[in-house]
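**Q** 3D, please:
(2 chains)
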Amino acid sequence: MAVELDVFVGNTIIMSEEVYQLWLDGYTVNDAVKVRMEGGVLDEFDAKADVVLSDTMDQYRTFQMCERLLHSPTKLANQLLFQIPPHRQATLIERYYAFDDVFVREVLGKKLSKGTKKDLDDISAKTGVMLKSCRRQFDNFKRVFKVVEELKGPLVENIRQHFLLSDKLARDYAAIVFFANNRFETGKRKLQYLTFQDLAFCAGQLINNWTVGAVDNMVEDMDVDLDKEFLQELKELKVLITDKDLLDQHKSLVCTALRGKTKAFNEMEANFKNLSRGLVNIATKLTNTKDVRDFFIDLVEKFIEPCRSDHWTAADMKLYLTHYTNSAHILDTFKHQVVWDRYMGVIKSCIFKMYHD
Amino acid sequence: MPGKLKAKIVAGRHLPVMDRASDLTDAFVEVKFGNTTFKTDVYPKSLNPQWNSEWFKFEVDDEDLQDEPLQITVLDHDTYSANDAIGKVYIDIDPLLYSEAASVISGWFPIYDTIHGIRGEINVLVKVELFNDLNRFRQSSCGVKFFCTTSIPKGYRAAIVHGFVEELVVNEDPEYQWIDRIRTPRASNEARQRLIFLMSGELQRKIGLKVLEMGGNAVVGYLQCFDLEGESGLVVRAIGTACTLEKLSSGSGTHTHPNTAPASNACNSPSKDGKEPVFGEDLPSSSGPSTPFRALPTSSSSPPPFSPSKPCSRQSSSSDTDLSLTPKTGMGSGSMGKDAGPLKTLLRQQTQTALEQRQEFPFFTLTSFPSGFLLHVGGVVSARSVKLLDRIHNPALGNTRSYKLLDWNSVTADEPETRDAWWEEIRQEIKSHAKALGCHAVVGYSESTSICEEVCILSASGTAAILNPRYMREGCLDLGGSDQRWFEDPSPSSCGFCHIPYDELNMPFPAQLTYCFHCRRQKVPDVLFTTIDLPSDAAIAGKGCFIQARLCRLKKKGQGEANATAISNQLPFMEYELHTQLMNKLKLRSMNALFGLSIQISVGENMLLGLASATGVYLTALPAPGGIQIAGKTPGDLNTEQHILNIQKRINDTIAKNKEFYEVNPPKLFALDPEVFCGTNVDLTEEVVGSPIPEPRLRSRLFRSHSESSDELSELDLSHGKKDAFVLEVDDTDAVEDIQSLLTDASPPKGFYSCNTETMPGIYNWTSALQMFTSVRVLRLSNANLSNQALNKVFTDLCENLLKSFYFKLRSMIPCCLSHLVFSVAVPEEDLIQVAVTAVAMTFDKDQTQDKPAEKPITKGCSEAEDQLQFSLELCTDSSSINSQSSSKNSAAKLNQNQLIVVRSAGVPESSHLSTRAASVDYGSFADRCSTWLELLRLKAHTIRRGSVKTSRRTQSLAHSVSSLEHSSPLTDGRSRSLRSSRSFGGSSVSVVKMTPLSFLPGTRIVKYVGIINMFFIRETTSLREEGGVSGFLHSFVAEVFAMVRAHVAALGGNAVVSYSMKDCVLMENPNKNQCQCLINVSGDAVIYIRETDQEVTGSTANIRLSCTSSADGAT
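**A** Below you'll find the model as predicted:
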């Protein structure tokens, strides 16, 4: 007695969010049935395995048919094949484009190419995210990347409009696109402690302050590419470490302000020149694509690690960076205040975010 | 030249990529009507072409307008090779031909290809300019409205019901033509689709002509079917009920003159070609014992083996054509005077002959009637006949206008027999059965066929009834002299239809008669079976219940006449067993009447399937059903005795459980009806009123049909005595299994009810959430050597599992009712059983089931509350439309954190005796207090067990009231969230189209019928595996069919389909070749509905007040 065919189609789409999630997570039908049965919710209804199986199959088929539409979410609203209530459409899209932080952390900054796709089974094994789900997430990144690549206007807004995502998710995608485009190195062991959310925040900072879009909002790739002129101008900051007077003056200003306010004062004073050199060197090298990629690793190596080894608290860090930034304004021979602020504003918030265990 | 059809191709979207090189398409469109074709320009390199064409004008006969569909083909232009077809759209322009329906067809249609399915969409505008044609000999029937609905459509009044109309057209099936061997599957499918479109258009036109001749203006209960007879051809047939409908709003005072019928010679239906001689391969037709008042087996050739010994004086053979021509009585015509006026007598003589011919069959395809229409119901009448198919002789051979596709040379026109004659024969038999039951009409009439190779079973069934001639056109009914008493003595409407229409001293079959438990004036039978819906004014106790009898019988493979004879011999036994099952199951639920009974018998190569579905109900006018008693054949054996006792106990327990579940509690109802039963308690009633007429055999026995011997035949009457007279004998293992299967029929889970009728008896307070669905399951019998018993079990399990599956899938709609469950079974191949089900799940308000329909509280909710649902039931962007009552008890009790946030953000004023409209109140200030108060409730709801309805219901209504308040306070989080989402999807051009197999949509009012939907699709694939196997293939096809129906309805300006049905779903697969083909035929009425807003406002206010007070109770 084999069931040769078994379908159930509703005029309005029939789906349960639980099954949708199982599908998205890459469960096979049989595994999904197992999970549902174990979930126990079904006991309430005295459901036998075959009933659950049939229901799961129907939903899986529905999702498979919807998947094509989900690839261009705007189509979902005016397609005729399925009658889907608007709030249900939003759920379908939002969940489809949702991703696992552990997974995205692995591919962040990598080229979204076939080569990377081939490595997905390794990533899957490493993160515990099922391969099918990895593929979906990876393809989502790639798809979003491809679409927004050639669009004008703000990145987040473009993603939101073309993929009908929530603000939060659109920002995350913007970060992913930004990372992929600039190929930031995030995979080094030293950076492993950073979560996706840390990096996404930093990406947001960079997008808002350092890209072409920060000054002109009608250029192609405005939010993806860093502002070349700005990077060029950053070279001028070198004076802060090459001019001995300026460096000393800066140090004394900062130390005066910090004295008595923190326990780590001695370490701060001792390390000032090193730290300042580190930060300014990062700035001046950013014209070099290779160094842009190493931006985060440099931040950690040149600044965060020394501070951590000196046991600075987060408050110490805040205090130090605030005074370090502000004191530069008082230096009368330092003429690059605007560039300095644009640079340090981002550096400050990135370091705040990244300074944790 | 009476019509001008205009079409404009606006744009396309989501087209498939046809040119791999550019990933784009150079699309253009061909618009074809009849023989005229127009083309748009090529819109190069786009998947979203904007043709914005001129108006293409077709000047055509209105006859063609009715027959032909507008054919739109989208193609990809190719410079070097032939243009590739992307897909087609067929648009039936019939709805534009009558004034009250749609005036323009405009919208996005899915572009459909029989191989690839839906491939993008096209926006089309169609208009028709119709010139009046006064030619009385015209062949068109523009203006006659068609309704699938089997009741008088909402918003109309039936001025006159004219009666039965039928027609059939036959043709060669293009699939079986020689040319099919050389053309592509696509071309073949398209030829078939187009032909069926043409044929159904022609059929509709011809039926329309008949209606016009009768003086009617509409066909109600229009039922069109296809018989795919394979080699021997294709039959499209239709039946319906001709009526003169008047629109209710437009002043019913307008006098419609019915007698516009032309002379009788215009009446040229093939069915009136006179009686054919007796046909050679005509096989004994069998009539089923489909009621307790068994339909009389009247086939002239050979009676079924267990025909009752009792002769019936009124019985006449089915070949007797004079039945209907009894002279009309004075009573009948007298009541007509009001409608027809003085002109009538004059015209009557003129049209006398025409009438006599036309009104040959007093049949009505309607299943529910205006109050007072149905006087008495006799019981189910049915007839079946087994025929051998042969080349169809087409009576319309001369008329080759529409059939260019055909190769007429291949038609062998030497066979005189026509399908018309077959049906005529069956109808005659039905009519004589009805006569035997003392009835002059058959209501709830339907016809069906089952075909396997060259064998065809024709079936017809209906309910014998006596109708009030006041509504009838004169001559429509044959009123026998003795029947007059019925019209003089109007019985109360709550029980009148139960009173026996036949003569009690001269009963057509043995039956238990008692005096009516309601009025005590007339006799009623002990059990009543009908094919109609429960009359709205019938008095019932408790709720209804879906009852199904299933039967599977093996049959030897055979050829030709021998095979047909074998089938024919099996039929009576099958009907008998189905009937027994139905009766047992009815008793087990302690109910005494069946409505909506439909018995389907399907034939396959090696088996016969029988499926009887009905809705059981307890009619308070009828006596209480007796229990079921188990008796052993060999008393004394201690083991057996014990076993029997056990079974008996289980049966009694089940009966008690069912009584509780379905709330069958007649005494309570008696108490509610003091007029009739003041002070009489039940026992007394039974003693005094319900004393049965003495019946010699109190114990009727049920025998296994195969153990029957001829001398026992006389015992096989189907009447059942009074209480405890129903005995099941446990004489062999089969019987034990039977009882087991009787008991294993699972009742639906708590909160679910099901029925196959339009409305669920006992539930009136529907809320507006609904979900129509189609489900198909095919089972392959792995073991070829199954016994009948094992086969039965397989088939029963298949049906039961389907039901269980529905309950599970729709569990979030609880409390909910599956209405209009229509099962259709087929044996597509040897060892395959196919069951297709279409039904609608509707939610209702559990706590107020006792309310009268008029007081039903229709409450409003908003989309946020809908989030609690596991899946949504409504698709409305305006939040006010969604009824949060639909949220199930369970999900309400399980408000998760997320949902709570929504609730909290909304806030409820504690002292809220405010109406929802009081938007000026600052709800936010209450939010904190309310949230704690809500949380408390939530906790309560968590701790309380599932079964506790009261508390969870409270939570639910609370959540509901909150959300409706939230609807009016735009400041809250939840609201702004929904605003955003509606903004991002607001641009959606897809309008929501509801679908239901019922004739109404709860909580709404149908304001306009915009046209009949009658569509036929073929889908084929040669890459079955790639499409996800047969299930994947059919799943997408069914979804596509829904999509195309919705698109057509939306283009007509409608927002819902009522009386939707899937007539055919024929699936042919060949997994070895990776191929599959499926044909689906659907129909329904496109309508525009509006919400009953007035009622809703008061309803929701009241409900909030109620829920607030109740939740305050809960908090303390």
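
**Q** in the stretch 101-250 of chain A, what residue is nearest chain B?
**A** A:L164 (5.4 Å; C-beta to the nearest C-beta). Bear in mind the C-beta positions are built from the backbone N, C-alpha and C, glycine included.

**Q** other SSEs contacting the helix or strand of chain A with the lowest mean pLDDT?
**A** Least confident element among the helices and strands of chain A, by mean pLDDT, DSSP states H and E: helix A:114-118 (a mean of 80). In this structure, helix A:114-118 packs against helix A:131-149, with contacts taken as 3 or more C-beta pairs under 8 Å, 6 or more residues apart in numbering or on different chains; DSSP states H and E.

**Q** Packing partners of the helix it packs on?
**A** Against helix A:131-149 (3+ C-beta pairs under 8 Å, 6+ apart) you get helix A:86-97, helix A:101-107, helix A:114-118, helix A:120-127, helix A:155-163, helix A:167-182.

**Q** Select from those the stretch with the lowest mean pLDDT.
**A** Ranked by mean pLDDT, these end with helix A:114-118 at the bottom, a mean of 80.

**Q** Spell out, range by range, the helices that occur in the stretch 1-150 of chain B.
**A** B:62-67 (DSSP state H, counting those that start in this stretch).

**Q** count of neighbours near the residue of the stretch 101-250 of chain A closest to chain B?
**A** Residues lying near A:L164 (other C-beta atoms under 10 Å in any protein chain shown) number 22.

**Q** give me the number of residues near the residue lying closest to A:E236 once chain neighbours are set aside?
**A** Leaving aside its chain neighbours, A:E236 sits nearest to A:H336 (4.9 Å; criterion: C-beta to C-beta, 6 or more residues apart in numbering or on different chains). As a burial measure, A:H336 scores 18 neighbours (other C-beta under 10 Å).

**Q** Before we move on, what's the pLDDT of residue 314?
**A** Assuming you mean chain A. 86.

**Q** nope, chain B please
**A** For B:R314, pLDDT reads 32.

**Q** give me phi/psi at the residue of the stretch 101-250 of chain A closest to chain B?
**A** A:L164 adopts backbone torsions of phi 50, psi 40, taken as degrees, to the nearest 10.

**Q** Up against chain A, what does the stretch 101-250 of chain B have?
**A** B:W108, B:P110, B:I118, B:E121 (C-beta under 8 Å from any C-beta of the partner chain).

**Q** And the buried ones among the residues you listed, selectable in ChimeraX?
**A** Selecting the buried subset of those in ChimeraX, with 16 or more other C-beta atoms under 10 Å in any protein chain shown as the burial test, is done by:
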select /B:108,110,118,121
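
**Q** which one of the residues of the stretch 101-250 of chain B next to chain A is nearest chain A?
**A** B:P110 (5.2 Å).

**Q** A:Q79 is in contact with the closest one, correct?
**A** No. Counting by C-beta atoms under 8 Å, B:P110 does not reach A:Q79; the two are 9.2 Å apart.

**Q** The host helix or strand of B:V1057 and chain A, are they touching?
**A** Here B:V1057 sits within strand B:1056-1070, counting by DSSP states H and E. Yes. Strand B:1056-1070 is in contact with chain A by C-beta under 8 Å from any C-beta, via B:L1067.

**Q** by contact count, what packs against that strand?
**A** Packing partners of strand B:1056-1070 (3+ C-beta pairs under 8 Å, 6+ apart): strand B:218-228, strand B:766-780, strand B:816-826, strand B:832-844, strand B:994-995, strand B:1004-1021, helix B:1029-1051, strand B:1075-1091.

**Q** can you list the ones you listed in a markdown table and add mean neighbour count and mean pLDDT?
**A** Formatted as a markdown table, those follow (neighbours: other C-beta atoms under 10 Å in any protein chain shown; pLDDT from 0 to 100):
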| stretch | mean neighbour count | mean pLDDT |
| --- | --- | --- |
| strand B:218-228 | 23 | 90 |
| strand B:766-780 | 24 | 90 |
| strand B:816-826 | 24 | 92 |
| strand B:832-844 | 24 | 92 |
| strand B:994-995 | 28 | 93 |
| strand B:1004-1021 | 22 | 91 |
| helix B:1029-1051 | 24 | 94 |
| strand B:1075-1091 | 22 | 92 |
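
**Q** Check whether B:S450 really touches B:I457, as I assumed.
**A** Yes. Using C-beta under 8 Å, B:S450 is in contact with B:I457, at 4.6 Å.

**Q** anything in contact with each of these two?
**A** Common contact partners of B:S450 and B:I457 (C-beta atoms under 8 Å, 6 or more residues apart in numbering or on different chains): B:I601, B:S602, B:V603.
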